[in-house]
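Visitor: Please work out how this folds:
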Amino acid sequence: MKRIFWIVLDSVGAGELPDAAQYGDSGANTLGHIIEREHPHLPNMEQMGLGLIPHVGGRLPQNGAGAYGRAAELSAGKDTTTGHWELTGLRLDKPFPTYPNGFPPQVIGAFEKAIGTRTLGNRPASGTAILDELGEEHLKTGYPIVYTSGDSVFQIACHESLYPPQKLYEMCQIARELLQGDHCVGRVIARPFEGTGRGHFRRTPRRRDYSVPPSGRTVLDVLKDKGVFTMGIGKIEDIFCMQGLCESDHAAGNPACVDALLRVMKRDFEGLVLVNLVDFDSVYGHRRDVRGYAQALEAFDARLEEIKALMRSDDLLILTADHGCDPVHTGTDHTREYVPVLCWHPGMSGLTDLGTRKTYADIAATVAQLFGCAERFNAESFANLL
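Guide: Numbers count the residues shown, from 1 in each chain. Coordinates of the predicted model:
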């Protein structure tokens, strides 16, 4: 393969992992529950074998072409950073810290001292609900809103009329420098918003994520070092701190990210394009919007026709996810799940079962092999099955 287009459907999990109970996620099944309740029309993914993945459900393919399977997460955790790192070959033994009771005084106090003002919130919350709860007080006092979730995140929400995005980004960089050691959260997230009052606040597209730099080499590093072009679309550059990337398009939202991908596909190059589609997670999963999640899956599936139309004979398409976020599940935010693995290239005929992969990193091993690299990241490539 000369070009690989690898799309991460953020949070589109494929059923609980064997250790899900340890994370409070028994019974979680993002895809399975959405398909069971809403019966979304997903003909393109189904033709690649989606309905043949265990416990996912959906329609069985007619004259399908593709390779299908699922992959388990070996790393400790279920957050975006951990999932993406393992997908690209880097596994973690220790999860990033979470804060179900808010950040301790030594953390929030140090942050307030560094930015020179008090803060509001400091508790786990929905990103939209906390704006309704504290947005008006924020406008009156000017105090930034700090909150977390079931994930390892330190989120800062500020109205753009008080804190232009660049000022908010500076505060996030201060937080990122402070949050080290035992309090090294996976991501610090800038959450700019606008609106005039309760019920009218909305987050703007100028979100930024400040992740911990990868603690080791990923397939992105391996490819870049070999002179292979690598590009990230969406929040990929944030997740990897640009490490291993030659180029980035920080498009915001699923439609914009797919548009960016289509533009890149029209270019002449050899290499890897890694895309994150965040809306499944941030807009629908965390908000427990089952119907909206199903509609977003339908919208993406329809755009697969555009993507396939631009595929060349030596291109490969990979679809997967980084964790679950089951909108039906009543436990935590992200859910500890298998992720689907769907692959297609124009020369494929019939369906190939990739089975249950022991680690997300099998995809990294496969990508490395297809580009002629020796690294396998202690994982097993399935390139020969493609």
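
Visitor: for residue 226, what are its contacts?
Guide: 371, 372, 373 (CB atoms under 8 Å, 6 or more residues apart in numbering). For glycine as for every other residue, the C-beta is placed from the backbone atoms N, C-alpha and C.

Visitor: could I get these as a markdown table with distance to residue 357?
Guide: Below are these laid out as a markdown table (distance: CB to CB, whole Å):
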| residue | distance to residue 357 |
| --- | --- |
| 371 | 19 |
| 372 | 21 |
| 373 | 19 |
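
Visitor: Out of those, list just those in helices.
Guide: Of those, none are assigned to helices by DSSP state H.

Visitor: Now go through these and say which are in strands.
Guide: When DSSP state E is applied, the contacts of residue 226 are split such that none fall in strands.

Visitor: for those residues, which one is nearest residue 43?
Guide: residue 371 (30.7 Å; CB to CB).

Visitor: Number of residues surrounding that closest one?
Guide: 19 (other CB atoms under 10 Å).

Visitor: Wait, it touches residue 1, no?
Guide: Yes - assessed by CB atoms under 8 Å, residue 371 is found in contact with residue 1 at 7.5 Å.

Visitor: Could you list the low-pLDDT ranges of this protein?
Guide: 331-332 (pLDDT under 70).

Visitor: Longest helix in it, please.
Guide: Assigned via DSSP H, the chain shows its longest helix as helix 290-309.

Visitor: Tell me the helix or strand right after it.
Guide: Once the chain leaves helix 290-309, the next helix or strand it forms, by DSSP states H and E, is strand 315-320.

Visitor: just so I have it, where are all the strands in the stretch 201-350 of the chain?
Guide: Using DSSP state E, counting those that start in this stretch, the strands found in the stretch 201-350 of the chain span residues 202-203, 208-211, 229-233, 247-249, 271-277, 315-320, 339-344, 350-357.

Visitor: any idea which of those is most buried?
Guide: Of all the strands of the stretch 201-350 of the chain, strand 339-344 has the most neighbours on average by mean count of other CB atoms under 10 Å, namely a mean of 27.

Visitor: which strands and helices sit next to that strand?
Guide: strand 65-71, strand 315-320, strand 350-357 (3 or more CB pairs under 8 Å, 6 or more residues apart in numbering; DSSP states H and E).

Visitor: so how far is that strand from its chain's centroid?
Guide: 15 Å (CA atoms, centre = their mean, to the nearest Å).

Visitor: Name the residues that touch that strand?
Guide: 9, 12-14, 31, 45, 48-50, 53, 56, 65-71, 73, 83, 308, 311, 316-324, 354, 357, 360, 363, 386.

Visitor: again, only this time at 6 Å
Guide: Outside strand 339-344, the residues within contact range by CB atoms under 6 Å, 6 or more residues apart in numbering are 14, 48, 53, 66-71, 317-321, 354, 386.

Visitor: what's the answer for stretch 153-166, then?
Guide: 139, 142, 144-147, 168, 171-172, 175, 179, 185, 187-189, 191-194, 206.

Visitor: Mind listing what's buried along that stretch?
Guide: 153, 154, 155, 156, 157, 158, 159, 163 (16 or more other CB atoms under 10 Å).

Visitor: Please name the bridge partners of the second one.
Guide: Spelled out, it's residue 154. Note on residue 154: beta-bridge partners by DSSP bridges are residue 188.

Visitor: ok, now which ones touch residue 61?
Guide: 46, 47.

Visitor: residue ranges of the helices in the chain, please?
Guide: 30-38, 43-47, 80-87, 105-115, 129-141, 165-178, 219-225, 236-239, 254-265, 279, 290-309, 362-370.

Visitor: Including distance to residue 127, could the helices and strands packed on strand 339-344 go into JSON lines?
Guide: Formatted as JSON lines, the helices and strands packed on strand 339-344 follow (distance: least, CB to CB, whole Å):
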{"stretch": "strand 65-71", "distance to residue 127": "28"}
{"stretch": "strand 315-320", "distance to residue 127": "25"}
{"stretch": "strand 350-357", "distance to residue 127": "32"}
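
Visitor: Please identify which of those is closest to residue 108.
Guide: strand 315-320 (35.9 Å).

Visitor: mind exporting the closest one as PDB, just the C-alpha atoms?
Guide: C-alpha atoms of strand 315-320 as PDB (Å, rounded to 0.1, in the frame of the first residue of the first chain):
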ATOM      1  CA  ASP A 315      -4.800   2.700  -1.000                       C
ATOM      2  CA  LEU A 316      -6.100   1.200   2.200                       C
ATOM      3  CA  LEU A 317      -9.000   2.400   4.500                       C
ATOM      4  CA  ILE A 318      -9.000   1.400   8.200                       C
ATOM      5  CA  LEU A 319     -11.900   2.200  10.500                       C
ATOM      6  CA  THR A 320     -11.600   1.700  14.300                       C
END
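
Visitor: Show me what it pairs with in its sheet, parallel or antiparallel.
Guide: Paired neighbours of strand 315-320 in the sheet (DSSP bridges): strand 3-9 (parallel), strand 339-344 (antiparallel).

Visitor: what sits up against that strand?
Guide: So strand 315-320 is in contact with 1, 3, 4, 5, 6, 7, 339, 341, 342, 343, 344, 345, going by CB under 6 Å, 6+ apart.

Visitor: Would you agree the fourth one is in contact with residue 273?
Guide: Same thing as residue 5. Yes - Residue 5 is within contact range of residue 273, at 5.1 Å (criterion: CB atoms under 6 Å).

Visitor: tell me what the longest helix of the chain is packed against?
Guide: In terms of contacts (3 or more CB pairs under 6 Å, 6 or more residues apart in numbering; DSSP states H and E), helix 290-309 is packed against helix 30-38, helix 43-47.

Visitor: one more time with 10 Å, if that's ok
Guide: Packing contacts for helix 290-309, counted by 3 or more CB pairs under 10 Å, 6 or more residues apart in numbering; DSSP states H and E, involve strand 3-9, helix 30-38, helix 43-47, helix 254-265, helix 279, strand 315-320, strand 339-344.

Visitor: centroid residue for the chain?
Guide: residue 10 (3.6 Å; CA atoms, centre = their mean).

Visitor: roughly how far apart are the nearest residue to that residue once chain neighbours are set aside and residue 84?
Guide: Once flanking residues are discounted, residue 10 sits nearest to residue 281: 4.2 Å by CB to CB, 6 or more residues apart in numbering. Distance of residue 281 to residue 84, given as CB to CB, to the nearest Å: 12 Å.
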